[in-house]
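>>> What follows is a protein structure lacking sequence information:
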């Protein structure tokens, strides 16, 4: 392709590109820019118009309180249950006093029944009182709000005449401003519709011009910038080569994006697997620690049981040894006492030494002779 032909192709493509950009701008204007501009103008008009001032009394009407019937029913229920509860309490107290004074068994039974009845009645009375307190609080708040708003209303009412004159004058000025603002808003609206109509007309013209071009089909409008760049930079010598290059590069870019997304998904999957493996390892380590701790506790339990058993055996052996020593001492003492008793009944004991008679040796003494024997 000659340079003149290439320049002609580039010029035609640039013209098509300009039309495409203009159509996009017009569509953007119709989609949201027109509404935004109209809204901004309307906001400015409202600010210029200002607010119609009115006497303060119209902004401070009293808020009337709830009627007392709002809590009358629960008050009646509370008072009724309160009386019954007090009567039960007095009767139960009287029964308890009589029981302590007389110690009559049937009064104890009546007192116990009275206590249970009093507790039940107290529960119902307390529930009713809570409901009454709740509704009474709401009623008191409404009365307080009424008093506050009524005072504000009465205070505003005192200045009503002065404010009325000022507000009447201000209302007339507001009316004049409103008429001007209304005319401006109608003008803005008409301007908006006219601009939108012009944009639609221009879009139709552009679409007609684009449909008559024999250079590029709508399917490749989004590649027109790349096609022009390829021709200008010399990467392509003619339109067809530039178009094919732009299509191939778009495909390559799409494939690259697909590979990137696949790589990201693969990395995310590997990260999930690694995290899952980490959690699994942590769980296994925790279970192993729990098993080790359980084994250690069991070993300690067995060691403690063995130590307790050894101590018990030592205690029992010691107890048996102590018992054996006690039995031996008891037996020795019994033998000694038998010997002493034998010496005491011996006719020859006056001739025996004291240490012999007192150490129990008389039990085996060969010289024993009972009293009265010859």
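Sure thing, it's come through. Note that this is a predicted model, so its numbers are computed, not measured. Numbers count the residues shown, from 1 in each chain.

>>> just the helices in this protein please.
In the chain, the helices defined using DSSP state H lie at 3-28, 34-49, 69-102, 105-158, 160-211, 224-233, 239-344, 354-358.

>>> Mind listing what's buried along the second one?
If I follow you right, that is helix 34-49. Residues 34, 38, 41, 45, 49 are the ones in helix 34-49 that count as buried (16 or more other Cβ atoms under 10 Å). C-beta: built from backbone N, CA, C; applies to glycine.

>>> Mind listing residues that contact stretch 67-84?
For stretch 67-84, the external contacting residues (Cβ atoms under 8 Å, 6 or more residues apart in numbering) are 121, 124, 125, 128, 129, 131, 132, 135, 136, 138, 139.

>>> who wins for most neighbours among those?
Counting by other Cβ atoms under 10 Å, residue 125 has the largest number of neighbours within the contacts of stretch 67-84, with 22 neighbours.

>>> which residues touch that residue?
Shown in contact with residue 125 (Cβ under 8 Å, 6+ apart): 78, 81, 82, 84, 85.

>>> Apply the buried test to these and list what passes.
Buried among the contacts of residue 125 (16+ other Cβ under 10 Å): 78, 81, 82, 85.

>>> Just give the closest residue to the second one, not the sequence neighbours.
Yep, that's residue 81 we're talking about. residue 125 (4.3 Å; Cβ to Cβ, 6 or more residues apart in numbering).

>>> Low-confidence ranges, the stretch 151-300 of the chain, go.
By pLDDT under 70, the stretch 151-300 of the chain has no low-scoring segment.

>>> try it again with 90
Applying pLDDT under 90 to the stretch 151-300 of the chain flags residues 151-178, 212-215, 234-238.

>>> got it, and the stretch 1-150 of the chain?
Using pLDDT under 90, the flagged stretches of the stretch 1-150 of the chain are 1-10, 47-82, 84-129, 132-133, 135-136, 138-140, 142-143, 146-147, 149-150.

>>> mind redoing it with 70?
Judged against pLDDT under 70, the low-scoring parts of the stretch 1-150 of the chain cover residues 1-4.

>>> Return the set of buried residues in stretch 355-372.
By neighbour count with 16+ other Cβ under 10 Å, stretch 355-372 contains the buried residues 357, 360, 361, 362, 365, 368.

>>> Turn the contacts of stretch 67-84 into a markdown table, columns for distance to residue 189.
Formatted as a markdown table, these follow (distance: Cβ to Cβ, whole Å):
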| residue | distance to residue 189 |
| --- | --- |
| 121 | 74 |
| 124 | 69 |
| 125 | 69 |
| 128 | 64 |
| 129 | 64 |
| 131 | 58 |
| 132 | 60 |
| 135 | 54 |
| 136 | 57 |
| 138 | 50 |
| 139 | 52 |
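
>>> Return the closest of the residues you listed with respect to residue 238.
residue 138 (86.4 Å; Cβ to Cβ).

>>> quick one: the closest one and residue 132 touch, right?
No - using Cβ atoms under 8 Å, residue 138 makes no contact with residue 132, being 10.9 Å away.

>>> Can you tell me the closest non-neighbouring residue to residue 220?
That would be residue 243: by Cβ to Cβ, 6+ apart, it lies 6.6 Å from residue 220.

>>> And for that neighbour, the neighbour number?
For residue 243, using other Cβ under 10 Å, the count is 21.

>>> Who are the contact partners of it?
216, 220, 223, 227.

>>> Which of the residues you listed are buried, as a PyMOL select command?
Of the contacts of residue 243, the buried ones can be selected in PyMOL as follows, counting by 16+ other Cβ under 10 Å:
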select buried, resi 216+223+227
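
>>> ok, so of the contacts of residue 243, who is nearest residue 315?
Of all these, residue 223 has the smallest distance to residue 315: 100.2 Å, by Cβ to Cβ.

>>> if we can go back for a sec, of all the helices of the chain, which one comes closest to residue 61?
Residue 61 lies closest, by Cβ to Cβ, to one member of the helices of the chain: helix 105-158, at 6.1 Å.

>>> so the closest one versus helix 160-211, what angle?
Relative orientation of helix 105-158 versus helix 160-211 (axes from the mean of the first three to the mean of the last three Cα atoms, to 10 degrees): 80 degrees.

>>> Tell me what angle helix 105-158 forms with helix 69-102.
Helix 105-158 and helix 69-102 are oriented at 150 degrees to each other (the same axes, to 10 degrees).

>>> starting at the chain centroid, how far to helix 105-158?
Its chain's C-alpha centre and that of helix 105-158 lie 33 Å apart, by Cα atoms, centre = their mean, to the nearest Å.

>>> related to what we said a few turns ago, most widely separated two among the buried residues of stretch 355-372?
Pairwise distances across these peak at 12.9 Å for 360 and 368 (criterion: Cβ to Cβ).

>>> Kindly reformat the buried residues of stretch 355-372 as a markdown table containing distance to residue 263 and pLDDT.
Output for those, formatted as a markdown table (distance: Cβ to Cβ, whole Å; pLDDT from 0 to 100):
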| residue | distance to residue 263 | pLDDT |
| --- | --- | --- |
| 357 | 116 | 68 |
| 360 | 109 | 72 |
| 361 | 112 | 74 |
| 362 | 115 | 71 |
| 365 | 117 | 78 |
| 368 | 120 | 72 |
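
>>> any idea which of those residues is closest to residue 305?
Set against residue 305, the nearest of the buried residues of stretch 355-372 by Cβ to Cβ is residue 360 (47.9 Å).

>>> quick one: that closest one and residue 334 touch, right?
No - if you go by Cβ under 8 Å, residue 360 and residue 334 don't touch, sitting 9.3 Å apart.

>>> From residue 272, how far off is the spatially most central residue of the chain?
The centroid of the chain falls nearest to residue 279 when counting by Cα atoms, centre = their mean (25.0 Å). Going from residue 279 to residue 272 by Cβ to Cβ, to the nearest Å gives 10 Å.
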